[in-house]
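sharing a sequence plus its predicted fold:
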Amino acid sequence: MKYSSRLSDNELRRKLHSSGAVLIRGAKACGKTESAKQLAKSVLSVDRDEQVMAMMSVAPKRLLLGNVPRLIDEWQAQPRLWDYIRHEIDDRQKTAQFILTGSANPEDSVKMHSGAGRFTIVDMRTMSWQELGFSSAKINLANLFEGIKIEIDDAPTDLEFIVEKIIIGGFPTLLNKKISQAMDLNRAYIDLLAEVDISRISDLKRDPLKVRSLLRSLARNTSTLVEISSLESDIREKENTGITRPTIYDYLDALNRLMIIEDQPAWNTHIRSSASLRKSSKKHFTDVCLAVAALGADEESLLNDLNFTGFLFESLTIHELRVYAQANDAKVYHYRDSSGLEVDAIVQKYNGDWCAFEIKLGTGKIEEAASNLTKFVSVLDHTKIKPPKSLNIITGTGISYTRQDGINVISLASLGA
């Protein structure tokens, strides 16, 4: 199967030649190994090679011998490898020696040196619409950071297409799959997660029924500021299952370590208002298709509940913004204050430049979104933060253009890095 290039490939190549080793992090089956193999000259499959465990006891450094860059795939299966690799980098004093891939982070109890000065990190997600070919990428995030106005792009996407792509998702293994096939595979992903992966990650047996209940509750509350107490109540009421808060914390920690859940942190900024900033994170699945799979939803149910589908579309769009932001040296946040004012996404570069985004599935709430962005900018303390590079509304079914007030309306099918 031909390799489909990823936006993170350039980052991987750059960081590999800046450090002794690159760690690629991401959920299982998001494409880490295939991306790494495009650059690797030799491969060690830690979780599949039967010799690894024996060699770790006898001569662990021999596992690192091979043409470079050497790919150490699923390295976390033998966490002690981290320190051996670190020492090997110190000894060799060369860049581009190792690529590490892992679909889980080791437990905090595993003591490892930070790797500062030896390792760089590339976070990998499932494929974006630009990578899948669903977006023309005519309107790219790089230009939005330059404040460039949008020429009208009249290529709207219909609702059925959006729903289909929400259900299928962006895992590379689902390329060219029919929606029924993708639904089967995504539900199997959830089943294996609940029954195997979440227990294996810590060698601690966890209750699959409670894991599924938590996953369904997270799916129902995707793209929201949901508290642990709310998850507890939701599970008790809708799943008819008792689950304690310590158990929820434990399961969430495991899901984060498996990179199944990715928090969207609050934007830390300065406001002139008397309102206070909310600091809680929004919760998203690493790919929105897993939220759909956890609930067992299908096309008909999503088309009949457009309010919930709107939250799923927001989660999809946050995923897209994260991929495109990473390609632009930026991160994705959200804003909410105690007055109830909120903005779906703030994309900020390390140098402080930022753009704001409201996300709407359809075009019916564009005026409301524009008014919200204008109000949001008015409460910021511009003596302490830079003005926005652009204000934007991302839609699912509309066309792309710049309004007379300067706010951009962007179809997701036109957005890219």
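Received, thanks. Residues are numbered from 1 along each chain as shown.

got the contact list for residue 225?
Taking CB atoms under 8 Å, 6 or more residues apart in numbering as the definition of contact, the neighbours of residue 225 are 278, 280, 281, 282, 336. In short, each C-beta sits where N, CA and C put it, glycine included.

can you pull the contacts of the fourth one?
It stands for residue 282. For residue 282, the contact set (CB under 8 Å, 6+ apart) comprises 223, 224, 225, 263, 264, 318, 334.

can you turn the buried part of those into a PyMOL selection?
Selecting only the buried entries of these in PyMOL, with 16 or more other CB atoms under 10 Å as the criterion:
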select buried, resi 223+224+225+264+318+334
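
before we move on, the earlier item: nearest to residue 40, of the contacts of residue 225?
Minimum separation from residue 40 among those (CB to CB) is found for residue 281, which lies at 34.3 Å.

look up phi and psi at that closest one.
Backbone geometry at residue 281, expressed as degrees, to the nearest 10, gives phi -90, psi 150.

low-confidence ranges, the protein, go.
Along the chain, the parts satisfying pLDDT under 70 run over 106-115, 273-275.

could you redo the last one with a cut-off of 80?
Counting by pLDDT under 80, the chain has low-confidence residues at 1, 105-117, 155-156, 202, 270-276.

in it, which residue is closest to the centre?
Residue closest to the average C-alpha location in the chain (CA atoms, centre = their mean): residue 286, at 4.6 Å.

in what helix or strand does the closest residue to it other than its chain neighbours lie?
Counting by CB to CB, 6 or more residues apart in numbering, residue 27 is the residue found nearest to residue 286 once chain neighbours are left out, at 4.5 Å. Using DSSP states H and E, no element contains residue 27; it sits outside every helix and strand.

ok, now residue 116?
No secondary structure element spans residue 116, as it lies outside all helices and strands (assigned by DSSP H and E).

what about it, neighbour count?
Other residues within reach of residue 116 by the criterion other CB atoms under 10 Å amount to 7.

ditto for residue 386
That count, for residue 386 with other CB under 10 Å as the rule, works out to 12.

next one: the closest residue to it other than its chain neighbours from residue 145, what distance?
Closest residue to residue 386 apart from its sequence neighbours, by CB to CB, 6+ apart: residue 352 at 5.5 Å. Residue 352 is 11 Å from residue 145, where distance means CB to CB, to the nearest Å.

one more: residue 367?
Going from residue 367 to residue 145 by CB to CB gives 25 Å.

who has more neighbours out of the two?
With other CB under 10 Å as the criterion, residue 367 and residue 145 differ in neighbour count, and residue 145 comes out ahead with 20 against 11.

quick one: residues contacting the residue lying closest to that one once chain neighbours are set aside.
Sequence neighbours aside, residue 389 is the residue nearest to residue 145 in space, at 4.9 Å (criterion: CB to CB, 6+ apart). With contacts defined as CB under 8 Å, 6+ apart, residue 389 is in contact with 144, 145, 146, 147, 353, 354, 355.

repeat the analysis, applying 10 Å as the threshold.
When contacts are counted by CB atoms under 10 Å, 6 or more residues apart in numbering, residue 389 touches 143-148, 347-349, 353-356.

so residue 348 sits in a strand?
Yes: secondary structure assignment (DSSP: H, G, I helix; E, B strand; the rest coil) places residue 348 inside a strand.

residues contacting it?
If a contact means CB under 10 Å, 6+ apart, then residue 348 has 267-269, 325, 330-333, 354-356, 385-386, 388-389 as its contacts.

distance of it from residue 265?
Counting by CB to CB, the gap from residue 348 to residue 265 is 11 Å.

for this protein, longest helix please?
Ranked by number of residues, the top helix in the chain under DSSP state H is helix 306-326.

what helices and strands are in contact with whichever helix or strand comes after that helix?
Next along the chain after helix 306-326, taking DSSP H and E as the criterion, comes strand 330-336. The contact analysis (3 or more CB pairs under 10 Å, 6 or more residues apart in numbering; DSSP states H and E) places strand 330-336 against strand 261-264, strand 282-285, helix 306-326, strand 342-349, strand 354-360.

strand partners (parallel or antiparallel) of the first one?
The reference is to strand 261-264. Based on DSSP bridges, the pairing partners of strand 261-264 within the sheet are strand 282-285 (antiparallel).
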